[in-house]
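*Asks:* structure for this input, please:
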Amino acid sequence: MQLNQHLNMWEGRVHTNTKNFQGVMGLSDQVGTDLFLGNGTYSLWTKDSPDPVETGKFPAPTTYGAHPFIMGAGQDGEWFGLYSNVANAQDWVIHNEESDGSVVINMLASGGRGDLSIWVGETPNDVVQTYHQRIVGLPVVTPQWALGWHQSKWGYKDTQYLKQVVDEYETAQLPLDGIWSDIDYMEDYKDFIVDQELFGDLKEFVANLTHIHYIPIVDAGIAQRIKSVGGKTPYLPYIHGHLDNLFIKSHAFSNDSFTGRVWPGDVVYPDYTNPQTQHYWSGWLSYLQEQTGFDGIWLDMNEASNFCDGYCFWDQQPQHHVQRNLKYVPTGQNLETGAIALDAVHYDGSLELDAHSLYGTMETEATHNYFVETLKKRPMIIARSSFAGSGKYGSRWLGDNFSTYNYLAYSVTGVMMQNIMGIPLAGADICGFNGNTTADLCARWYTIGSFYPFSRNHNHQHSVRQAPFEFNGTFPHYPIKYAYIDIMRWAMWNKMSLIRYYYSEISQVQRTGGAFFRPLFFDYPNDGPDVYAHQVRNVMLGNSLKLGIIPDFGHSGTSHYPIYFPKGMWCEVFNRKGTEGCSY
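*Replies:* Next up is the predicted model:
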């Protein structure tokens, strides 16, 4: 190990099972269908990057989350876990030597601690339970309704639009537990301020909802404005934060708040290392609560994201940039691309270079504290960015995915990995966020998405409308009497029939740790190569349900779709055959 101010590097070799070599798995977030890491370089540095597919090639892609944790099977059959307590930008170089079962690991970071934790367990889930219990904390306890069905879209432009969506769900006899607002509800895209022209009756709408919950978005950046665009209303969230000195500073020798740029234009970023920021954040969430009556919060752009690459203004820059001192630059890319400048400084003296990947987790923690201490409620927080330990404060969705069959498959391993990292309430944007879905893809996504712990339909403002009722008149091409909406309705009600099972199993995870939505080999690690193959198709939901998934049926150029069943009696859940639906 070599450790100094701007370089943290170590090399290790782990000896894994030679009879069934798989190597090591982990380092979320990685987008792909194999949880195990092939030869290559894997980078961790939170970034607003819409789900790039992992290649292992340098320069390496990075995305919304950073979890420096790996695990694997040792030569004696026991499993091991390794956690590196480093939040700096980091590369993990993996070299698998299958001949002797060893994996050589080189970790290179732009600083941070020399703090490694290593432990063993009899099974993969034992290792994950220890990771949650002893290192990152047990998952947050969430309300039961969070496991239900959620509808969102960037482009729900006013309260009447929200009401229409809710009415369409009721008319189509579709279950709905949450209706969401993207940035459309904000006045000039400013946090905590509702647009009174378009959403003036929002609170009344929310109050009249029956068994449906309202979740608005809150972005990381606070608009840097004294007044609104019209020049009449003072923007108090900025004024108060500025007067109380609660925003991240531009550099160590300046008292100016760092200015980034996001949806409202120039923005500043609350500094959660300042103990006074909790009071500020809770106070403005209370103000939003007074205007809306929300039940949950959606935290976006909290990597933290910036439409500038570092500094937006030359006069905020320091004389000497810390990036010039780096002996090695992880990711092989400019670390300031789409991010706060590395020289920006926090209240506790840490540079953004060292604290960047922690920002989303710190914001989630502050929001969690508001739910617990002010509202006295279980937190329903869905965040985009996360670091190790964020699961004890909030939950996640997988970010801006794409409307393709490949991304439908990636979502399965993505949700698995979030569960392993300690975030059981996780899911992908059903039907896809970017691009235009099709009726066939959307129906398949609903069928699979009905087994996500967190099931939400959400997409881009320029993409086609994809709520299930939009497909009422569309029929599959093959001879069948059902419309696509019937397939979606069937999937949605199937999940509702399993809610108590989901809630009971996830409650156990929240008490003891471990993964709920997990790969089959977690339960049958000694079954040989077949249980490790086709991870997307072989999923365990808690201790009693196995899910067989074929996301690309009819679209992969093959008619062979292996699904593995360990020895034992397996019975179909959704059938009317009784014991005739069981096989051995």
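*Asks:* got the contact list for residue 467?
*Replies:* Neighbour list for residue 467: 151, 153, 165, 168, 169, 457 [criterion: C-beta atoms under 8 Å, 6 or more residues apart in numbering]. Using the backbone N, CA and C atoms, a C-beta is placed for each residue, glycine as well.
*Asks:* hmm, residue 176 and the fifth one touching each other?
*Replies:* Yes. Counting by C-beta atoms under 8 Å, a contact exists between residue 169 and residue 176, whose distance comes to 4.4 Å.
*Asks:* now for those two: what residues contact both?
*Replies:* Shared contacts of residue 169 and residue 176 (C-beta under 8 Å, 6+ apart): residue 151.
*Asks:* how close does residue 249 get to residue 363?
*Replies:* For residue 249, the distance to residue 363 equals 18 Å [C-beta to C-beta, to the nearest Å].
*Asks:* also residue 378?
*Replies:* Residue 378 is 18 Å from residue 363, by C-beta to C-beta.
*Asks:* which one of the two has more residues nearby?
*Replies:* residue 363 (27 against 16; other C-beta atoms under 10 Å).
*Asks:* please name the nearest non-neighbouring residue to the more buried one.
*Replies:* Excluding the flanking residues, the one nearest residue 363 by C-beta to C-beta, 6 or more residues apart in numbering is residue 302, at 5.0 Å.
*Asks:* same check, this time on residue 519
*Replies:* Excluding the flanking residues, the one nearest residue 519 by C-beta to C-beta, 6+ apart is residue 535, at 5.1 Å.
*Asks:* that neighbour: neighbouring residues, count only.
*Replies:* 22.
*Asks:* the stretch 51-200 of the chain: helices as residue ranges?
*Replies:* Using DSSP state H, counting those that start in this stretch, the helices found in the stretch 51-200 of the chain span residues 124-130, 159-171, 196-199.
*Asks:* tell me which residues of the longest one are tucked away?
*Replies:* Okay, so that is helix 159-171. Across helix 159-171, burial judged by 16 or more other C-beta atoms under 10 Å covers 159, 161, 162, 165, 166, 168, 169.
*Asks:* the last one too?
*Replies:* Within helix 196-199, the residues scored as buried using 16+ other C-beta under 10 Å are 198, 199.
*Asks:* helix or strand right after that helix?
*Replies:* Toward the C-terminal end, the helix or strand that comes next after helix 196-199 (DSSP states H and E) is helix 202-207.
*Asks:* so what does that next one touch, helix or strand wise?
*Replies:* Under the contact definition 3 or more C-beta pairs under 8 Å, 6 or more residues apart in numbering; DSSP states H and E, helix 202-207 sits against helix 159-171, helix 277-292.
*Asks:* quick one: closest of the ones you listed to residue 70.
*Replies:* Closest to residue 70 of these, according to C-beta to C-beta: helix 277-292, at 33.0 Å.
*Asks:* so how far is the closest one from its chain's centroid?
*Replies:* The gap between where helix 277-292 is centred and where its chain is centred comes out at 24 Å by C-alpha atoms, centre = their mean, to the nearest Å.
*Asks:* in the stretch 301-450 of the chain, which spans are strands?
*Replies:* Counting by DSSP state E, counting those that start in this stretch, the stretch 301-450 of the chain has strands at residues 381-383, 386-387, 395-397, 426-427, 429-430.
*Asks:* format these as TSV; extra columns: mean pLDDT, distance to residue 11 and mean neighbour count.
*Replies:* Converted to TSV, the strands of the stretch 301-450 of the chain look like this (pLDDT from 0 to 100; distance: least, C-beta to C-beta, whole Å; neighbours: other C-beta atoms under 10 Å):
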stretch	mean pLDDT	distance to residue 11	mean neighbour count
strand 381-383	98	33	26
strand 386-387	98	24	27
strand 395-397	98	31	28
strand 426-427	98	32	24
strand 429-430	98	39	29
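*Asks:* select, out of those strands, the one closest to residue 314.
*Replies:* Residue 314 lies closest to strand 386-387 among those, at 30.9 Å (C-beta to C-beta).
*Asks:* give me the contact list for the closest one.
*Replies:* By C-beta under 8 Å, 6+ apart, the list of residues contacting strand 386-387 from outside reads 46, 64-67, 87, 357-358, 360-361, 364, 396, 421, 423.
*Asks:* hmm, 10 Å instead?
*Replies:* Strand 386-387 has contacts (C-beta atoms under 10 Å, 6 or more residues apart in numbering) with 28-29, 44, 46, 64-68, 87, 136, 299, 302-303, 356-362, 364, 393-396, 418, 421-423, 426.
*Asks:* that strand pairs with which strands?
*Replies:* Paired with strand 386-387 in the same sheet, following DSSP bridges, are strand 65-66 (parallel).
*Asks:* residues in contact with residue 342?
*Replies:* Applying C-beta under 10 Å, 6+ apart, we find residue 342 in contact with 89, 110, 251, 310-311, 321-323, 325-326, 334-336, 351-354, 356.
*Asks:* and stretch 186-197, end to end?
*Replies:* End-to-end distance for stretch 186-197, by C-alpha to C-alpha, to the nearest Å: 10 Å.
*Asks:* gap between residue 359 and residue 370?
*Replies:* Separation of residue 359 from residue 370 (C-beta to C-beta) stands at 17 Å.
*Asks:* of these two, who's got more company?
*Replies:* Remark: of residue 359 and residue 370, residue 359 carries more neighbours, 27 against 22, as counted by other C-beta under 10 Å.
*Asks:* list the contacts for the more buried one?
*Replies:* 46, 87, 220, 248, 269-272, 302-305, 339-340, 346, 352, 385, 387.
*Asks:* before we move on, what about residue 527?
*Replies:* 20, 520, 521, 564, 566, 567.
*Asks:* and it, what element?
*Replies:* Residue 527 is part of no helix or strand, with elements assigned from DSSP H and E.
*Asks:* what about it? Give its phi and psi, please.
*Replies:* Backbone torsions of residue 527, given as degrees, to the nearest 10, read phi -80, psi 0.
*Asks:* any idea how far it is from residue 566?
*Replies:* Distance of residue 527 to residue 566, computed by C-beta to C-beta: 6 Å.
*Asks:* repeat for residue 541
*Replies:* 15 Å.
*Asks:* of those two, who's got more company?
*Replies:* Using other C-beta under 10 Å, the more surrounded residue of residue 541 and residue 566 is residue 541, with 18 against 14.
*Asks:* show me the contacts for the residue lying closest to residue 438 once chain neighbours are set aside.
*Replies:* Spatial nearest neighbour of residue 438, excluding adjacent residues (C-beta to C-beta, 6+ apart): residue 403 at 7.8 Å. Residue 403 makes contacts with 429, 431-438, 441-442, 445, 459-460, 463-464, 466, as judged by C-beta under 10 Å, 6+ apart.
*Asks:* what does residue 52 give?
*Replies:* Residues near residue 52 by C-beta under 10 Å, 6+ apart: 29, 30, 31, 60, 61, 62, 63.
*Asks:* give the rounded mean pLDDT of the one helix or strand residue 510 maps to.
*Replies:* If you go by DSSP H and E, residue 510 is part of helix 484-512. Averaged over helix 484-512, pLDDT sits at 97.
*Asks:* report all helices and strands that it contacts.
*Replies:* The contact analysis (3 or more C-beta pairs under 10 Å, 6 or more residues apart in numbering; DSSP states H and E) places helix 484-512 against helix 124-130, strand 149-151, helix 439-449, strand 455-457, strand 517-519, strand 538-541, strand 545-548.
*Asks:* out of the ones you listed, which comes closest to residue 481?
*Replies:* Checking those against residue 481 by C-beta to C-beta gives helix 439-449 as the closest, at 14.6 Å.
*Asks:* between helix 484-512 and that closest one, find me the angle.
*Replies:* Angle of helix 439-449 versus helix 484-512, following axes from the mean of the first three to the mean of the last three C-alpha atoms, to 10 degrees, is 30 degrees.
*Asks:* just the buried residues of the contacts of residue 403.
*Replies:* Among those, those scoring as buried are 429, 431-435, 437-438, 441-442, 445, 459-460, 463, 466 (criterion: 16+ other C-beta under 10 Å).
*Asks:* now, which of the residues you listed sits nearest residue 572?
*Replies:* Closest to residue 572 out of those is residue 445 (21.8 Å), distances taken as C-beta to C-beta.
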